[in-house]
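Undergrad: Fold the stuff below for me.
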Amino acid sequence: MATNVVSGLSATLTCEAAALGVAQNYTLTLNQALIDATSDDDSRWDYSLVGRRDWSIDMDCLYLYTNACQIYIEEHISMANPAVLTVIFTMPDGRTYSGTCLATSFSLTSNFEGAVSISISLKGRGALTTSTS
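TA: Okay, here's the model as predicted:
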């Protein structure tokens, strides 16, 4: 039995010191680009160097028209003004991921007899810092 499994129930995301709130899911993606450095003397094996890294966050939340973070993101995207956010993604075990990012999308979804929800995408701007408690 896996005893180190982490429940997502306690994960939170804050931006500009306000909790985004009522999240239904988050996806934090870290990417590592590779640079092909294969040459004719590599015995037919690929050889790669480490390239640039990037990160992004995609999330789905219930829409709260009074949530400061949701309002900030929605207003900046609708005004074509880059929404620069400082985010802190906190895991239940105390580990945090933090960095500055740009909001790249905000979509609002409504269905008959269902709660209004939003999907937000954030693209990292610079390094993502990881710390443990």
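Undergrad: which residue ranges form the strands in the protein?
TA: Assigned strands in the chain, in chain order: 12-15, 18-19, 23-36, 48-62, 84-90, 96-109, 117-124, 129-131 (criterion: DSSP state E).
Undergrad: Flag the shaky bits of the protein, pLDDT-wise.
TA: 1-4, 6-12, 16-17, 21, 133 (pLDDT under 70).
Undergrad: mind running it again at 50?
TA: Along the chain, the model assigns pLDDT under 50 to no residue.
Undergrad: In it, which residue is most central in space?
TA: Centroid-nearest residue in the chain: Ile57, 1.5 Å away (criterion: Cα atoms, centre = their mean).
Undergrad: So that one versus Phe112, what's the distance?
TA: Counting by Cβ to Cβ, to the nearest Å, the separation of Ile57 from Phe112 is 29 Å. All C-beta spots, glycine's among them, are computed from the backbone N, C-alpha and C.
Undergrad: repeat for Leu30
TA: Relative to Phe112, Leu30 is positioned 38 Å away (Cβ to Cβ).
Undergrad: cool, Val22 as well?
TA: For Val22, the distance to Phe112 - Cβ to Cβ - is 20 Å.
Undergrad: Same question for Ile118.
TA: Taken as Cβ to Cβ, the span from Ile118 to Phe112 is 17 Å.
Undergrad: swap in Trp55?
TA: Counting by Cβ to Cβ - Trp55 and Phe112 are separated by 36 Å.
Undergrad: who has more neighbours, these two?
TA: A count of neighbours by other Cβ atoms under 10 Å puts Trp55 above the other of Trp55 and Phe112, at 18 against 4.
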